[in-house]
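Novice: let's see this in three dimensions:
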Amino acid sequence: MAPELGFSTLPAILRVLLCTDGTVTHSLAAYFDEPINVLCLRQESRPLSSVPTELDGEPGETVIEREVLLQGAASGRQYAHAWSTICVGALDRDSRAMLDSGAAGIGELLAARNLETCREIRRIGLRTTEALQHFEADASGGVVFRDYVIHSGGKAVILVTEEFPVALYTGA
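Specialist: As a prediction, the model looks like this:
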């Protein structure tokens with residue numbers, strides 16, 4: 001059984017990040033007063049039909065599965081870890097090039113291209129310390145996460161899971 005998330009006991013910045021409809025990268029940069037690097041750990045293309053998903057892609061469409069770390073450019077602190085599944089058909093050529101470069105977060109990419117989207121948060125929760133494998137952080141407090149779907153043009157086109165190590169935000 002997953003531990004219970006005491007949402008009201010989380011640091012204010014984590015409550016904001018878990019509920020935001022904006023770009024996490026920009027929020028982190030403003031809060032921690034440092035640029036945030038997007039470190040692409042993995043990015044693979046595959047057929048939508050090979051991925052168990054609720055995305056509204058076209059038959060035969062390709063998706064990109066991506067895993068990134070959001071890291072402070074000056075401090076080297078690992079603020080967030082994220083996985084995403086993206087319908088390639090929802091992206092124009094320039095957006096795809098930005099994604100392929102691996103240097104932009106999903107929110108940044110959508111904002112830079114002025115793509116109209118809506119985020120639907122599906123789940124917010126707490127993971128135990130095993131989830132800290134992606135972070136160089138104190139294990140106390142575990143990791144809070146959120147799962148959400150990004151809709152564009154009335155279709156679910158991107159799935160995202162983001163994780164934040166609680167201890168890092170408690171001491172901020």
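Novice: in stretch 143-160, which residues are buried?
Specialist: 143-146, 148-152, 155-160 (16 or more other Cβ atoms under 10 Å). All C-beta atoms are positioned from the backbone trio N, CA, C, and that covers glycine.
Novice: for those, which one is nearest Ala90?
Specialist: Val157 (3.7 Å; Cβ to Cβ).
Novice: pLDDT weak spots in the protein?
Specialist: Within the chain, the segments meeting pLDDT under 70 span 1-4, 102-104, 108-117, 129-140, 171-172.
Novice: rerun that using 90 as the cut-off
Specialist: 1-11, 15, 19-26, 48-62, 86-120, 126-143, 150-158, 166-172 (pLDDT under 90).
Novice: all strands of this structure, in order?
Specialist: Assignment of strands within the chain using DSSP state E yields the ranges 36-47, 62-72, 78-87, 118-127, 143-152, 155-165.
Novice: dump those to CSV, plus distance to Pro11.
Specialist: Shown next, in CSV, are the strands of the chain (distance: least, Cβ to Cβ, whole Å):
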stretch, distance to Pro11
strand 36-47, 18
strand 62-72, 17
strand 78-87, 13
strand 118-127, 13
strand 143-152, 10
strand 155-165, 10
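Novice: closest to Thr20 out of these?
Specialist: It is, among these and with distance given as Cβ to Cβ, strand 118-127, at 8.4 Å.
Novice: what comes up buried for that closest one?
Specialist: 119, 124-127.
Novice: now swap in stretch 75-88 and tell me
Specialist: Neighbour-count burial for stretch 75-88 [16+ other Cβ under 10 Å]: 77-88.
Novice: any idea which of these is closest to Leu39?
Specialist: Gln78 (8.6 Å).
Novice: may I have stretch 19-35 exported as CSV, CA atoms only?
Specialist: Extracted in CSV, the C-alpha atoms of stretch 19-35 (Å, rounded to 0.1, in the frame of the first residue of the first chain):
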residue,chain,number,x,y,z
CYS,A,19,-1.1,21.6,-9.2
THR,A,20,0.5,24.0,-11.7
ASP,A,21,-0.8,24.3,-15.3
GLY,A,22,2.4,26.1,-16.3
THR,A,23,5.9,25.0,-17.0
VAL,A,24,7.7,23.3,-14.1
THR,A,25,11.1,24.3,-15.5
HIS,A,26,10.3,28.0,-15.4
SER,A,27,8.7,27.7,-11.9
LEU,A,28,11.9,25.9,-10.6
ALA,A,29,14.2,28.5,-12.2
ALA,A,30,12.2,31.3,-10.5
TYR,A,31,12.0,29.7,-7.1
PHE,A,32,15.6,28.5,-6.9
ASP,A,33,17.0,31.5,-8.7
GLU,A,34,19.1,29.6,-11.2
PRO,A,35,18.7,28.4,-14.8
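Novice: perfect, I'm done here.
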